[in-house]
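Engineer: please work out how this folds:
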Amino acid sequence: MYKSEITLNVNGEERSAYVRHADTLLYVLREELGLTGAKPGCLNGDCGACTIDVDGESMKSCLMLAVEAVGKKITTVEGLENLPLQTEFIKKSAFQCGYCTPGFIMNGSSLTKKYPNADDTQIKDCLESNICRCTGYQEIEEAVKSVLSNDATV
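Structural biologist: Okay, the predicted model is just below:
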């Protein structure tokens, strides 16, 4: 099996890994770099459990090859610190088992940065790309709305 060394900018840090050219970014983040916040779910882009941020855009890491991420700025849930959205997820009980939570937080974080005045429709559209099988989406939407309305406190 042929592997190449690549360097990725993950959470503001340069990280090297030996990868096959067919390795997904999700696989490399989890198995080579030990960052397990992005979760394998469907592995075909439907569930959103593997959502990360690449150059300011939400991305499903199961759909991106690791070699495609070279030269890009990658942020995983481990790279978020003291994010009001994380606090709001706790306050609003916007999780149950927690498996999908990192993906929702990454997607919500991207939305709040890109559209600080997002309306209900934009919030629902953004969160549609993630699936939760344990809880309702109402609490997740409320957590995002709380951050957007500046009701959130850290």
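
Engineer: the longest helix anywhere in the chain packs against which elements?
Structural biologist: Secondary structure of the chain per DSSP state H: the longest helix is helix 101-114. Here helix 101-114 touches strand 51-54, strand 57-60, helix 84-91, helix 120-127, helix 138-148, going by 3 or more CB pairs under 8 Å, 6 or more residues apart in numbering; DSSP states H and E. In short, each C-beta sits where N, CA and C put it, glycine included.

Engineer: element containing Glu14, please.
Structural biologist: Using DSSP states H and E, Glu14 maps to strand 13-19.

Engineer: for Ile74, same thing?
Structural biologist: Here Ile74, judged by DSSP H and E, is contained in strand 73-75.

Engineer: and that strand, what's buried?
Structural biologist: Ile74, Thr75 (16 or more other CB atoms under 10 Å).

Engineer: just how off-centre is it within its chain?
Structural biologist: Centre-to-centre, strand 73-75 and its host chain are 10 Å apart (CA atoms, centre = their mean, to the nearest Å).
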